[in-house]
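> Based on what follows, work out the 3D shape:
(chains A and B)
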Amino acid sequence: MEDMIFYDRLQFAFTITFHYIFPQLTMGLSLIIVYFKGKYLIKKIEKYNDIAKFLMKIFAINFTMGVITGIPMEFQFGTNWAKFSELTGSIIGQTLAMEGMFSFFLESSFLALFIFGEKLMGQKLHFLTGFLVFLGSWGSGWFILATNAWMQHPVGYEILDNGKFVLENFSSLFSNPWLLPAFLHNQFASVVTSSFVVASIGAFYILRNKNLEYGKLLLKTGVVFGLVSSILLAFPTGDWNAKNVAKYQPASFAAMEGIFETEEAGAEIVLIGQPNMVEKKLDNKIAVPNILSFLTYQKWDKQIPGMDQFKQEELPDNIPALYYSYHIMVGLGTIFIGIMGSAVFFLWRRKLFNMKPLLWFIMFLVPFPYIANITGWYVAELGRQPYLVYGLLKTSEGISPTVSSGNTLFTLLGFVAIYLLLGLLFLILVGKTIHQGPKPQTH
Amino acid sequence: MEIFWFIIIAVVLVVFFVLDGYDFGAGIIHLFYAKTEKDKEVITKSAGLFWDSNEVWLVAAGGMLFMAFPTFYASVFSGFYLPLMIVLWLIIFRAIGLEFRGQFDYQMWKDIWDKAFGVSSFLLALFFGIALGNIVRGVNLGGVENGVSTYEGHYFFLPLWSSNFSPLNESPGVIDWFTIIIGLITLVTLAIHGANWIILKTNASINNQLKTVIFRLNIALSVLTVFSLIVWQIINPNSLDNFIETPFLIVFPIIYISGLIGLFFIKKLKKDIYGFVFSTLLILGGIASSLASIFPAMLPSNNALNESLTIYNTAAPEYGLSVALNWGIIGFILLFVYMIIQKRLMGGKIDNMDYGH
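Numbers count the residues shown, from 1 in each chain, chains lettered A, B, ... in the order given. Predicted coordinates for the structure are as follows:
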């Protein structure tokens, strides 16, 4: 039984981590594409259109990867988490089915038109298809996060005698207080990822002294989008989310922040430290007193319950992983504001394009927004443990009763092998697209 | 309300098999008949431009099944664990084959992805048919051993095959000789459908030859169909009860048969679209007849201890279903509008078009 839960969780974690590489780029990138396409419509300068089409190629590769790694996610609800599906399917099936019908469909129908239809449709319609792709990809985020929000903070349900969750109020699924902050935080995070990717491609072209005009445009747009979105990521959306966790999942909050013992006179904020699960304290801690209480409740001396206030079995089962994920996410987020802030400063002083070291730095920074985004997702998911539906349904009660751990291990290995191949192909294709660069329109 | 949702999901499934069916079929034809580079290229393109918007129907069907019949979804997906995972991997391989073939101009690169596309299309068509065969045949729900049901509720786990490959075993596997027959029927049907699609959408040099291929496949299909009906009578003597009780349902087998008959005249048909319409009738009639014969069950139980999974005992409660119907109708209208816009804008022969990759 322990084995079964372990492999089911490992498989889900692995497949969703790999999957999430792709939609986080496509969601943000669709916004930047719409921006370039819109700018072209207004200013009629060809290079904006060239860049929109160039980014669309990168979008398309990511979208394909997102689709083929996304279908296993839907399947796994039934294959590996059958009990969970049976008990909650009538509720989260609503949001998942809506995602398929309203968003995924919109995105994939109009993506093909955007890529192939420019000559058939004319510029205004072409912009419209790009906008619909953007709408579809953000809609997908909305419905998926609505599903996740219900698992984090269940609303509008009733539990029958047989343990099944029944929908009682449909609209509450979308007015869930957890949803909007989580959605905005997630979307700005995906804009950060795509800004870094765009800026990095721009820096690459400038450093190689190739596609210079495009490179400057890409870098400029990337750092401006990057600064705005990384600020919005911290404040207000990150702040809202932290407050939600403190309010609805106090045990997770204590674990995330590394508060082992409750302090009567207000909680300190931990900048660095290593959770020591044996002695139940933080080793090598650097912390600032009372800040956490202030950030969370705007009162310096407000008490925040530590992990000692909760029953052992109510605490997340992997506190160090949760703690580190959270601190990596917050730490990277802070660094992003600093880097993008200085890049924008030098852009404003008209020095950015000549600052080789900063350009190199921006170019190689690409993996970090991905790491920040994925650890952010881990914070949400590890924080919800030991529950699948917070406070109501334990993770151990959600797995498929008839699928043995051996089968799950076998399919996990299969996914690892296939995804390694996919990852390699993905890098080759994106590399090739970047190498070719944006192409001027030939008339 | 359950019946509504059953019909909706059945319609989505039929649409999925009509749409994605042609690109599976194109893959099968590609595997066996495409010889010249030009033909290979246009056939891959005729599938590659459309597969992802076709696959959405599978995602939609899955989502709706999950929402409307959660118990069925949970039971079937965990019960058919291994075959479904293999299906997933094949879907992935097919997608890579289609998307990545044209990315590099090396012959070896193209050959690899051509094979990936062809073989995975072939196996997927076969596996989808085997799945349909399992649903029609029924499974050992609850896993009965020595007269005792081993799992509470509706859980089961099917091995890939059991001894003798016999569908008459107490616990048949996913693959037995009955499900293989249904698998072959599906394979041949989709191959015909794909060939019609290629004729309709491309100027491939093999188009004339494909009409002969369709004619021959159609003979094989007719023989397999008759054979499967006889076998089915042996496995399940009650299989015609629904058609006798509700004579209206006979319309579905008639649709299937008219598709079969129509395709015998493939060489005389005035327009290419008629061939495609006939193979669409095959798919529609085939799926609808199968579902009609087991209704209201969605997965019959082959033991007396456990009740079959029906649309009634696996459905979500009334409120959820009726809310979903409201947004579902809006969703459906949108789906069909998107589909029509897309197919209109991308209508006509693939190779006459300037898509400017």
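> Give me the neighbour count for the closest residue to residue A:272 other than its chain neighbours.
Spatial nearest neighbour of residue A:272, chain neighbours left out: residue A:286 (4.5 Å); criterion: C-beta to C-beta, 6 or more residues apart in numbering or on different chains. Heads up, the C-betas are built off the backbone N, CA and C, glycines and all. Using other C-beta atoms under 10 Å in any protein chain shown, residue A:286 has 10 neighbouring residues.
> which regions of the stretch 201-350 of chain A sit below the pLDDT cut-off?
Counting by pLDDT under 70, the stretch 201-350 of chain A contains no low-confidence range.
> ok and the residue in it nearest chain B?
Proximity of the stretch 201-350 of chain A to chain B (C-beta to the nearest C-beta) peaks at residue A:201, 18.4 Å away.
> cool, the stretch 101-250 of chain A as well?
Taking C-beta to the nearest C-beta, the stretch 101-250 of chain A has residue A:101 as its residue nearest chain B, at 3.6 Å.
> what number of residues lie near that residue?
25.
> can you tell me which residues contact it?
Applying C-beta atoms under 8 Å, 6 or more residues apart in numbering or on different chains to residue A:101 gives the contacts B:60, B:63, B:327-328, B:331-332, B:334-335.
> likewise residue B:236?
Taking C-beta under 8 Å, 6+ apart, one finds B:137-138 in contact with residue B:236.
> tell me which element residue 128 is part of?
Using chain A. Assessed by DSSP states H and E, residue A:128 sits inside helix A:123-152.
> actually it's chain B I care about, not the one you picked
helix B:107-137.
> Just the buried ones among the contacts of residue A:101, please.
Neighbour-count burial (16 or more other C-beta atoms under 10 Å in any protein chain shown) is assigned, among the contacts of residue A:101, to B:60, B:63, B:328, B:331, B:335.
> Leaving out the residues flanking it, which one is nearest to the third one?
In space, and not counting its chain neighbours, residue B:328 is closest to residue B:8: 6.7 Å by C-beta to C-beta, 6+ apart.
> Going by secondary structure, that neighbour is in what exactly?
helix B:2-33.
> Show me what that helix is packed against.
helix B:37-48, helix B:51-68, helix B:107-137, helix B:177-201, helix B:207-235, helix B:272-294, helix B:318-345 (3 or more C-beta pairs under 8 Å, 6 or more residues apart in numbering or on different chains; DSSP states H and E).
> all strands for the stretch 201-350 of chain A, in order.
Using DSSP state E, counting those that start in this stretch, the strands of the stretch 201-350 of chain A run over A:269-276, A:281-288.
> of all the ones you listed, which gets the most neighbours per residue?
strand A:269-276 (a mean of 16; mean count of other C-beta atoms under 10 Å in any protein chain shown).
> chain center to it, what's the gap?
Between the centre of strand A:269-276 and the centre of its chain there are 24 Å (C-alpha atoms, centre = their mean, to the nearest Å).
> same thing with stretch A:7-27?
Worked out by C-alpha atoms, centre = their mean, stretch A:7-27 lies 10 Å from the chain centre.
> Can you list the buried residues in that stretch?
For stretch A:7-27, by 16+ other C-beta under 10 Å, it's A:7-9, A:11-12, A:15-16, A:18-27.
> ok so, going back, going C-terminal from the helix holding residue A:128, what's the next secondary structure element?
Taking DSSP H and E, what comes next after helix A:123-152 is strand A:157-159.
> residues in contact with the next helix or strand after that next one?
Downstream of strand A:157-159, the first helix or strand assigned by DSSP H and E is strand A:165-167. Applying C-beta under 8 Å, 6+ apart, the contact partners of strand A:165-167 are A:87-88, A:90-91, A:94, A:154, A:156-160, A:173, A:389, A:392-393, B:316-317, B:319-320, B:323.
> Which of the residues you listed are buried? Put it as a ChimeraX command.
Those of these that count as buried under 16+ other C-beta under 10 Å are selected in ChimeraX with:
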select /A:87,88,90,91,94,154,156,157,173,389,392,393 /B:316,319,320,323
